[in-house]
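Asker: this is a predicted model, with the sequence first.
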Amino acid sequence: MSALAGHPAPALLARRWRDPAAWRTTVDVVAVLLAASLPWSTSLVSILGVVMLVTMLPFLDVERLLQTLKRPISLAPIALFLLALVGTLWSDAAWGARLYAVGPAAKLLVLPALFYHFERSERGLWVFTAFLASCVLMVVMSTAVAFNPALALKANADRGIFVKNYIDQGQEFSLCAVVLAYPIAQLLRARRFAPAGLLTAIMIAFLANMIFIVVSRTALVTIPILLAVFGLIHLKWRVNLLIAVSAVMLALAAWSVSPQLQGKVATFTSQYQDYRNDRGITSIGERLEFWRKSLRFFADAPLIGHGSGSTRHLFELAASGRTDLAASTVVGNPHNQTLYIAIQWGALGVIILYAMWGAHLLLFRGDGLVPWIGLLVVVQNVFTSLFNSHIFDFHEGWMYVIGVGVAGGMLLKGRSTPEPARGSV
């Protein structure tokens, strides 16, 4: 005792080591760092994800965790991971490919852990604030790189890409831009014009970047859908009509002044024509070819699929002897989440996937910022997964896990109290 009295730092450390609240704070801090690092690094996200799970262990409430695991919102992602694991048993792919296919599903196991932790934590909004702040900084760097490409950390990066790629960046910016619509509307209703103006400026910065600097076809398709969800849930029909007319006018204005936007939209038709006439490999042509073949693979094994890691081998067999460019391409990902799962795990996997999306959508019923964030994360993932495999992609998959896990935990914490009445603007 006397020795500790002479050394307050070790004594404080010893007390905090035995303090459950201190460990929960540590998990909160790691989760904040995880969200902040997502736009910038893949390796750091992987490391922090493991650290976050480890720091939950010392004072784990097993009984409460088991209650969380029994909920459909946790059972569905766990079942999808287990199916990927068991699917290695009937696959014809090499064992390396089978186990590699299980890896992307492992992040889904973090969802129940986040539900469990943030049902007790008071710092869930810190996580979302950290992600927003990190994306705002990315807007600044993206703009700087657009004017000075030498600043990019990634060699031979596309215009306006500081790190990673335009798909990941488009997902971040489109989500942040539409999420901000809710607090802006609430601040305007409360006549708090200064903070509403600040958030509006941030929203415009995200949209301007996606219109004039880095244009993503996926973002172009999903942003109107996300905005429509916001309007249907939170706005009156007159306001929706006014916003729709204003959006069309702004879109036409953006089209007239943005060569990047014009060029990206023009690729929809030009790439399709190139695919039809076999004039080269294009991203749209590849997707159409991948989907056509994937449907055939699914028809060959409709119930439980061809097994984990079988996709590339099936495409290799389908490309054998083909000379046309699109048909001879071999991939391990058909760029559609449903088909990605259907090939490997059949209708059983598709049912589990849609059950997971459905359970998470139902979780975010009601009004409020947290349900709005969770709802948008799920809706964005569902619609962008028409063109990509975003549950199993690293960046977009972690966006889903963090967004749904943190928001879901926060909602579970407050579900014992009556939900506020749905407001309108």
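Answerer: Good, I have the coordinates. Source: prediction; values computed, not measured.

Asker: who touches residue 124 in this structure?
Answerer: 118, 370, 406, 407, 409, 410 (CB atoms under 8 Å, 6 or more residues apart in numbering). Quick note: C-beta positions are derived from backbone N, CA and C, even for glycine.

Asker: any idea how far it lies from residue 32?
Answerer: 10 Å (CB to CB, to the nearest Å).

Asker: mind giving me the packing neighbours of the helix or strand harbouring residue 50?
Answerer: With secondary structure defined by DSSP states H and E, residue 50 is part of helix 43-56. Using 3 or more CB pairs under 8 Å, 6 or more residues apart in numbering; DSSP states H and E, the elements in contact with helix 43-56 are helix 20-37, helix 110-118, helix 394-414.

Asker: what residues of it count as buried?
Answerer: 45, 48, 49, 51, 52, 53, 55, 56 (16 or more other CB atoms under 10 Å).

Asker: who's in contact with the nearest residue to the fourth one once chain neighbours are set aside?
Answerer: Here the nearest residue to residue 51 in space, its sequence neighbours aside, is residue 30; by CB to CB, 6 or more residues apart in numbering that works out to 5.4 Å. Listed by CB under 8 Å, 6+ apart, the contact partners of residue 30 are 48, 51, 52, 55.

Asker: try residue 79
Answerer: residue 352.

Asker: buried residues, the helix or strand hosting it. List them.
Answerer: Taking DSSP H and E as the definition, one finds residue 79 inside helix 72-86. Buried residues in helix 72-86, defined by neighbour count with 16+ other CB under 10 Å: 73, 74, 75, 76, 77, 78, 79, 80, 81, 83, 84, 85.

Asker: got any ranges where this protein has weak pLDDT?
Answerer: 1-18, 217, 220, 230-285, 321-328, 330, 415-425 (pLDDT under 70).

Asker: let me have the buried residues of helix 72-86 in JSON lines, extended by distance to residue 376.
Answerer: Listed next are these as JSON lines, based on distance: CB to CB, whole Å:
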{"residue": "73", "distance to residue 376": "17"}
{"residue": "74", "distance to residue 376": "21"}
{"residue": "75", "distance to residue 376": "23"}
{"residue": "76", "distance to residue 376": "19"}
{"residue": "77", "distance to residue 376": "19"}
{"residue": "78", "distance to residue 376": "24"}
{"residue": "79", "distance to residue 376": "25"}
{"residue": "80", "distance to residue 376": "21"}
{"residue": "81", "distance to residue 376": "24"}
{"residue": "83", "distance to residue 376": "27"}
{"residue": "84", "distance to residue 376": "26"}
{"residue": "85", "distance to residue 376": "30"}
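
Asker: closest one of these to residue 290?
Answerer: Nearest to residue 290, judged by CB to CB, of the buried residues of helix 72-86 is residue 84 at 20.0 Å.

Asker: with adjacent residues omitted, what lies nearest to the closest one?
Answerer: Among residues not flanking residue 84 along the chain, residue 105 sits closest, at 4.2 Å (CB to CB, 6+ apart).

Asker: likewise for residue 102?
Answerer: Nearest residue to residue 102, sequence neighbours excluded (CB to CB, 6+ apart): residue 84, at 4.8 Å.

Asker: gap between the residue nearest to residue 51 and residue 199?
Answerer: 27 Å.

Asker: all strands of the stretch 151-300 of the chain, in order?
Answerer: For the stretch 151-300 of the chain, applying DSSP state E, counting those that start in this stretch gives no strands.

Asker: residue boundaries of the helices in it?
Answerer: Secondary structure of the stretch 151-300 of the chain by DSSP state H, counting those that start in this stretch: the helices cover 166-179, 181-189, 193-212, 217-234, 237-257, 259-276, 283-300.

Asker: I figured residue 341 hits residue 349, correct?
Answerer: Yes: at 4.1 Å, residue 341 counts as touching residue 349 under the criterion of CB atoms under 8 Å.
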